[in-house]
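Undergrad: Whatever this is, show me its structure:
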Amino acid sequence: MIKEEGIIAGRNPVLEALKSGIEINKIIISDNEKQGIMKEIIGRAREKGIPVEMANKKKLDSITELNHQGVVAMSSPVKYMNIDDIFDYANKRGEDPLLVVLDGIQDPANLGSIIRTSEVLGAHGVIIPMHRSAGITAAVSRISAGAVYHQRIARVANISQAIKEMKERGLWVAACDMNGEIYYGKDLTGPIALVIGGEGKGVSRLVRENCDYVISIPMYGKIGSLNANVAAAIVMSEVVRQRCMKNGRISDSRRL
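TA: I've put the predicted structure just below:
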């Protein structure tokens, strides 16, 4: 069995891990991959004094079952933070906190995609439960394109208790679920935590009851729900849009 913990596979994940400053013990690169982004990876690794080993594809395949794209890094496992770290980060930036709370996301693909989106859209952190949820693995790192090394991710024992703590700190907590108010009709500009439910089940009853209100995405087609990471992206984008409109800041970011 291949041990995936501490393994970063793929070009963008390895590059983002190098940029983030996490501890990397060694990078292994395919013999025939020395141009483009690989050249940048090798250059950054040498600047940091990280050993770079050249190897054939067979050896890389023996290290990970993931699509490694010719490069693998050996690192320490991702370090989880706590909620205080997330609030501190928002305070340092002088911004109202924007947190994403994941209530039972079990698909690593969804978790990686949500973390990537949250990092790109400027959310200050992601909160996941310790149990009945996907954790940060090599696969999640790969899917997040390395965003797990930049985003602040806290793992808590009890999501409902974490929500109570966030409310005491002044956040509005919005459950993204069915039968709520249309999301773009709500004022989402203040300190806020968005709760995204798990695949197929949505936000659990107890967690939903602890939220301040429920927001929903209108559905006009025949399919009655969206993938969790798509729903999260839509609502996070609306928070960013409303904040930018309120603050008159629509040009201080890179654009796709």
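Undergrad: hey, let's count contacts and neighbours off CA atoms from now on
TA: Fine.
Undergrad: low-scoring pLDDT stretches of the stretch 101-250 of the chain, where are they?
TA: Residue ranges of the stretch 101-250 of the chain with pLDDT under 70: 249-250.
Undergrad: what about the strands in it?
TA: Using DSSP state E, counting those that start in this stretch, the strands of the stretch 101-250 of the chain run over 125-129, 153-156, 172-182, 192-197, 213-216.
Undergrad: Now do the contacts for the most centrally placed residue in the chain.
TA: The centroid of the chain falls nearest to I115 when counting by CA atoms, centre = their mean (1.2 Å). When contacts are counted by CA atoms under 8 Å, 6 or more residues apart in numbering, I115 touches V126, S144, A147, V148, Q151.
Undergrad: hmm, which two among those residues are most spread apart?
TA: Farthest-apart pair in those is V126 and S144; separation 12.9 Å (CA to CA).
Undergrad: With neighbour numbers in mind, choose between those two.
TA: The residue with more neighbours, out of V126 and S144, is V126; 28 against 24, by other CA atoms under 10 Å.
Undergrad: re the thing from before, switch the strands of the stretch 101-250 of the chain over to a markdown table; also include distance to V235.
TA: Shown next, in a markdown table, are these (distance: least, CA to CA, whole Å):
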| stretch | distance to V235 |
| --- | --- |
| strand 125-129 | 14 |
| strand 153-156 | 19 |
| strand 172-182 | 8 |
| strand 192-197 | 8 |
| strand 213-216 | 9 |
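Undergrad: Quick one: closest of those strands to E47.
TA: For E47, the closest of these is strand 153-156, at 27.6 Å, according to CA to CA.
Undergrad: Contacts made by the closest one with the rest, please.
TA: For strand 153-156, contacts defined as CA under 8 Å, 6+ apart pick out Y80, M81, N82, I83, G125, V126, I127, I128, P129, M130, A162.
Undergrad: How about stretch 175-195?
TA: 96-103, 166, 170-174, 196-197, 202-203, 208, 211-218, 231, 235-236, 238-239, 242-243, 246.
Undergrad: pretty sure D96 contacts A90?
TA: Yes: counting by CA atoms under 8 Å, D96 touches A90, with 6.5 Å between them.
Undergrad: Would you mind measuring from A175 to I192?
TA: Here the criterion is CA to CA, to the nearest Å. By it, A175 lies 11 Å from I192.
Undergrad: ditto for N12
TA: For N12, the distance to I192 - CA to CA - is 30 Å.
Undergrad: what do you get for K79?
TA: 24 Å.
Undergrad: So which of the two has more stuff around it?
TA: I192 (20 against 12).
Undergrad: check which helix or strand covers D84.
TA: Using DSSP states H and E, the element containing D84 is helix 83-93.
Undergrad: What lies in contact with that helix?
TA: If you take CA under 8 Å, 6+ apart as the criterion, helix 83-93 is touched by D96, P97, H124, G125, I127, R152, A154.
Undergrad: Quickly name whichever of those is closest to A17.
TA: Closest approach between the contacts of helix 83-93 and A17, by CA to CA: R152, at 13.6 Å.
Undergrad: picking up where we left off before, would you mind giving the contacts of helix 83-93 as CSV with distance to E53 and neighbour count added?
TA: Below are these laid out as CSV (distance: CA to CA, whole Å; neighbours: other CA atoms under 10 Å):
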residue, distance to E53, neighbour count
D96, 44, 18
P97, 42, 26
H124, 35, 24
G125, 34, 27
I127, 36, 25
R152, 30, 24
A154, 33, 20
